[in-house]
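mind folding the following:
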Amino acid sequence: GDGANAGVINIITNGKNDNYIKSYVGNNGTKNATASLGFNYEKIIANALIDYTSTDGTRVDLNDDKDENYNKNKNFNIIYFPTDDLELNLARNYSNMDTKYAGSLTLDEYKNNPNKANSFTEQYLSSYVTTGGFKYNFNPNLSLESSYSDEDKRSEFTTFKSKYEYKSFVSKLNYQENDYKVLVGIDGFDGDRIGTSDITNKNNKAVFVSGEYNISDDLKVSSGVRRENVEYKYEPNGADTLKNDEYLNAYDLGINYQLDNISSIFANYNKSFQAPDIDKFFSNGLFNDFIEPSKVNNYTVGYNNIQKNNKLKVSLFRADLKNEIYYYNTGSWATSFNTNIDKSHKYGLEVFDKYLINDNLYTSVNYSYIIAKIDEENEGNGTYNGKDLPGVSKHNITVNLGYDINNLNTVLSHTYRNSAYAADDFANNFNQKQEAYNSTDLGTSYTYQNVELFAKIQNLFDEDNGLWISDDVIYPVNFERTYYAGMKVKF
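Take a look at the predicted model:
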C-alpha cells in the first residue's frame with residue numbers, strides 16, 4: 001500500500017499480553033516505567049499496557065536549560081469470542097510526547113563541545129486512537145477480517161499548531177488450501193489537517209489482491225496487485241479550494257526455489273508508491289504546493305544458506321525511482337520546501353551471516369553496500385544530474401559478538417557507516433562532508449525464575465557522531481556514552 005516502498009513486516013500477536021512490570025534508570029536523568037497486564041477468562045481477553053519514559057536531556061544552552069523530553073503511552077484492548085468462529089476486538093491507544101530539539105552547531109562548536117545548544121525548538125505531540133474490528137471464520141479455509149480506526153492527533157510548536165483527524169478502514173477476505181492462499185481486500189483512509197486558517201484533506205481508496213502458490217515442494221511463487229486512488233484537497237478560509245487527484249498502481253511478484261536441504265535462491269519484482277502526507281505540502285506552517293507521489297521499481301535476487309551452525313543470506317538489489325520526495329533547502333527554513341527528484345536510482349548488495357562458534361558463543365555481521373544516484377532534477381537546473389544522493393553512506397556494517405550461558409546473555413556490537421555528502425549537498429561540492437559514524441554498544445541481561453536484570457551501554461568509547469546538513473550546520477547525535485540498568489519482573 002501507500003508508503004510500502006521497501007516492503008512490510010506483519011506482526012501477529014497471540015492476543016494476551018504478558019504480565020510484568022519493568023523499570024530502568026540511566027545517565028542524563030533517564031527514567032522508564034512499564035506495566036503490562038493480560039487477563040484471559042473463558043471467552044474474554046483483556047489487556048493493558050502503560051509506559052513512561054523521560055530524560056533530562058544531553059545538550060545545554062547558555063541559560064543551563066536542557067533538551068529534556070518525555071514520552072507517555074497507554075494501550076487498552078479487549079477481545080471477545082461470542083462463538084468459536086467469531087472474534088470481536090476493541091482497542092484504545094494514548095500517546096503524549098514533549099520534545100525539545102536543539103539547534104545546529106558550527107564545526108568548531110561541534111568539535112569543542114557537542115553538548116552545547118544555541119537554541120531549542122519545542123514540540124508537543126499527542127495521539128488518541130480508537131480501533132474496532134472483527135474476524136469471522138466461515139470454515140477452516142475461509143475467513144473475513146475487518147477493522148476501523150479513528151485517530152485524533154495534535155502537534156504544537158511555538159509558532160504554529162495543527163490538529164489532525166484520521167479515519168481508516170480495511171477489510172480482507174482470506175482463503176487458503178494446502179498449496180495456495182489468496183487474499184482480497186479493500187482499504188480506505190480519510191485524513192484532515194486542520195490549521196488556524198485552512199483544512200487540508202487526504203483521501204485514499206484502494207482494492208488489492210495477493211496470493212501464494214506452492215508449485216512443488218521446492219518452488220513457491222507469490223504475487224499481488226493494488227489499485228489506489230488518492231485525492232488531496234486544500235481549503236483555505238476565504239480563498240478558492242485547490243484539488244489534486246492521483247491513480248496509483250502497485251505490483252509484486254516473487255519466486256523462491258529450494259536448491260537442497262540447506263540452500264535456496266529467490267527473486268522479486270515490486271512496483272510501489274508513496275503518496276506524500278499532508279504535512280509535505282507546507283513550509284513554515286504555510287501551504288506551498290501539491291507534490292507528486294513517488295514511484296519505485298524494485299528488483300531483488302538473492303541466496304539463502306541455513307546450516308546447523310551458520311545462517312547466510314546474500315541479496316543484490318536495484319531501485320529505479322521517479323519523483324522521489326525530498327526537502328529542498330533554499331538556505332532559509334522559512335522558504336525551504338518539499339519537492340521531487342525527477343529521476344534517481346539505487347543499487348547495492350546486502351549480506352547477513354550468523355555463525356555459532358560453540359553452544360554459548362556466536363557472532364554475526366550485517367553489511368550493506370549502497371550506491372544512490374540522481375539522474376535528473378530540475379530544481380538544480382541540471383547541476384544535480386549524475387551526482388551522488390547526499391546523506392547515503394556506501395558502506396554500512398554492524399558486527400555482533402554474543403555469549404549465552406545458563407541465564408546470562410551478553411552482546412557486544414559495533415556499527416559503522418562511512419562518510420557521505422552532507423544532507424543538502426545535492427551538487428556534491430560543499431566543503432564539509434558527513435563524517436563516518438561509529439558506535440560500540442554492550443548489553444547484558446540475567447534471568448532468574450521470573451526476574452530479569454538488564455543493563456546496556458551505548459557508544460561505549462564516547463565517539464563524536466553528528467548529522468551534517470551543510471557547512472557549519474551540524475546536529476550532534478549519539479555523541480556521548482549513555483547507559484541504563486533496570487529490572488523486569490513477570491507474574
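
hey, what's residue 439 bridged with?
residue 415 (DSSP bridges).

surely it touches residue 463?
Yes: counting by C-beta atoms under 8 Å, residue 439 does reach residue 463; the two are 6.3 Å apart. For every residue, glycine as well, the C-beta is placed using N, CA and C.

neighbour-wise, which of these two wins?
residue 439 (20 against 16; other C-beta atoms under 10 Å).

can you give me the helices for the chain?
107-112 (DSSP state H).

quick one: low-confidence ranges for it?
6-7, 13 (pLDDT under 70).

the nearest residue to residue 288 once chain neighbours are set aside: how many residues sit nearby?
Nearest non-adjacent residue to residue 288, counting by C-beta to C-beta, 6 or more residues apart in numbering: residue 337, 4.6 Å away. Counted by other C-beta under 10 Å, the residues lying close to residue 337 total 18.

got the contact list for residue 337?
With contacts defined as C-beta atoms under 8 Å, 6 or more residues apart in numbering, the neighbours of residue 337 are 283, 288-289, 327-328, 330.

got CSV for these, with neighbour count too?
Output for the contacts of residue 337, formatted as CSV (neighbours: other C-beta atoms under 10 Å):
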residue, neighbour count
283, 18
288, 15
289, 13
327, 13
328, 17
330, 12
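
dump the residues you listed to a markdown table, plus distance to residue 356.
Formatted as a markdown table, the contacts of residue 337 follow (distance: C-beta to C-beta, whole Å):
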| residue | distance to residue 356 |
| --- | --- |
| 283 | 53 |
| 288 | 54 |
| 289 | 55 |
| 327 | 44 |
| 328 | 49 |
| 330 | 53 |
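
inside strands: which ones of those residues?
Under the assignment DSSP state E, the contacts of residue 337 contribute 283, 327-328 to strands.

identify, from those residues, the entry nearest to residue 174.
residue 327 (39.8 Å; C-beta to C-beta).

what's the nearest residue to the closest one if we skip its chain neighbours?
Using C-beta to C-beta, 6+ apart, the nearest residue to residue 327 is residue 338, at 5.5 Å.

number of nearby residues for that neighbour?
18.

where's it relative to residue 283, distance?
8 Å (C-beta to C-beta, to the nearest Å).

what distance do you get for the residue in the chain sticking out farthest from the centre to residue 326?
Most distant residue from the mean C-alpha position of the chain: residue 238, 38.0 Å away (C-alpha atoms, centre = their mean). As judged by C-beta to C-beta, residue 238 and residue 326 stand 32 Å apart.

what are the buried residues along stretch 239-248?
Residues 244, 246, 248 are the ones in stretch 239-248 that count as buried (16 or more other C-beta atoms under 10 Å).

one more: stretch 4-13?
Applying 16+ other C-beta under 10 Å to stretch 4-13 flags residue 5 as buried.

what's in contact with that stretch?
250, 270, 272-274, 294, 296, 298, 319.

recalculate using a threshold of 6 Å.
Residues outside stretch 4-13 that contact it (C-beta atoms under 6 Å, 6 or more residues apart in numbering) are 272, 274, 296.

what about residue 402, distance to residue 363?
7 Å.

what's the answer for residue 97, then?
Taken as C-beta to C-beta, the span from residue 97 to residue 363 is 37 Å.

just residue 299 next, same as before
Distance from residue 299 to residue 363, by C-beta to C-beta: 31 Å.

got it, and residue 110?
Separation of residue 110 from residue 363 (C-beta to C-beta) stands at 34 Å.

now residue 242
56 Å.

what does residue 244 give?
On the measure of C-beta to C-beta, residue 244 and residue 363 end up 51 Å apart.

now do residue 111
34 Å.

do the same with residue 168
43 Å.

find the nearest non-adjacent residue to residue 201, please.
residue 233 (4.5 Å).

how far does stretch 471-484 stretch from one end to the other?
34 Å (C-alpha to C-alpha, to the nearest Å).
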